[in-house]
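*Asks:* return atomic coordinates for the entry below.
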Amino acid sequence: MLDHFSVNVSDLAHSRAFYEKALAPLGMTVQMEVADFAVGFGQGGKPYFWIGRRDPVTSGAHVAFTAGDRATVDAFHAAALAAGGADNGAPGLRPHYHPNYWGAFVFDPDGNNVEAVCHSPG
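*Replies:* Now for the predicted structure:
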């Protein structure tokens with residue numbers, strides 16, 4: 001089981017603003033900060049998703065967050081686009097994964113593929 005994970009970002013303030021808006025529909029907020037180096041997002045006092053300023057930045061990571069229902073996936077996608085993310089797959093069924101896989105994908109400011117997914121039937 002994972003405890004936490006992180007992605008590298010080039011501009012911590014810019015990425016923080018993006019993730020604060022994109023993750024809000026999933027109920028995730030800033031739980032911890034380490035000076036101008038890293039920000040941890042999560043719930044209930046537990047930061048389990050971190051962004052950290054690194055040079056050089058690598059991109060291409062894929063992070064998927066669980067959503068409780070399809071409407072939350074849709075809200076994540078809309079919020080991420082409004083926060084400056086780039087569409088990488090509108091909300092919808094992905095039956096090639098399984099019949100109830102409802103997901104949405106966006107690229108964050110550094111090109112990481114961020115997803116919200118609901119596995120429950122509609």
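*Asks:* ok, residues contacting stretch 1-16?
*Replies:* Applying C-beta atoms under 8 Å, 6 or more residues apart in numbering, the contact partners of stretch 1-16 are 30, 36-40, 42, 47-55, 57-59, 61, 63, 108-110, 112. (Glycine included, C-beta is placed from N, CA and C.)
*Asks:* let's go with 7 Å and repeat that
*Replies:* With C-beta atoms under 7 Å, 6 or more residues apart in numbering as the test, stretch 1-16 has contacts from 36, 39, 47-54, 57-58, 61, 63, 108-110, 112.
*Asks:* also stretch 21-30?
*Replies:* Where contact means C-beta under 7 Å, 6+ apart, the residues beyond stretch 21-30 that reach it are 20, 39, 41-43, 49, 65, 67, 72, 75-76, 79-80, 82-83, 85, 114, 116.
*Asks:* report the buried residues of it.
*Replies:* Lys21, Ala22, Leu23, Ala24, Pro25, Leu26, Met28 (16 or more other C-beta atoms under 10 Å).
*Asks:* any chance of those in TSV, with secondary structure too?
*Replies:* Listed next are the buried residues of stretch 21-30 as TSV, based on DSSP: H, G, I helix; E, B strand; the rest coil:
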residue	secondary structure
Lys21	helix
Ala22	helix
Leu23	helix
Ala24	helix
Pro25	helix
Leu26	helix
Met28	coil
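*Asks:* ok so, going back, separate out the buried members of the contacts of stretch 1-16.
*Replies:* Going by neighbour count (16+ other C-beta under 10 Å), the contacts of stretch 1-16 have 39, 47-54, 57, 108-110, 112 buried.
*Asks:* all strands of the protein, in order?
*Replies:* Secondary structure of the chain (DSSP state E): strands located at 5-9, 29-34, 38-43, 46-53, 62-66, 86-93, 102-107, 113-118.
*Asks:* select only the buried ones of the contacts of stretch 21-30 in ChimeraX?
*Replies:* Applying 16+ other C-beta under 10 Å to those leaves a buried subset, and the ChimeraX line that selects it is:
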select :20,39,41,42,49,65,67,72,75,76,79,80,83,85,114,116
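*Asks:* and the pLDDT for Phe76?
*Replies:* As predicted, Phe76 sits at a pLDDT of 98.
*Asks:* ok, it - contacts?
*Replies:* Neighbouring residues of Phe76 by C-beta under 7 Å, 6+ apart: Ala22, Pro25, Leu26, Ala67, Ala104, Ala116.
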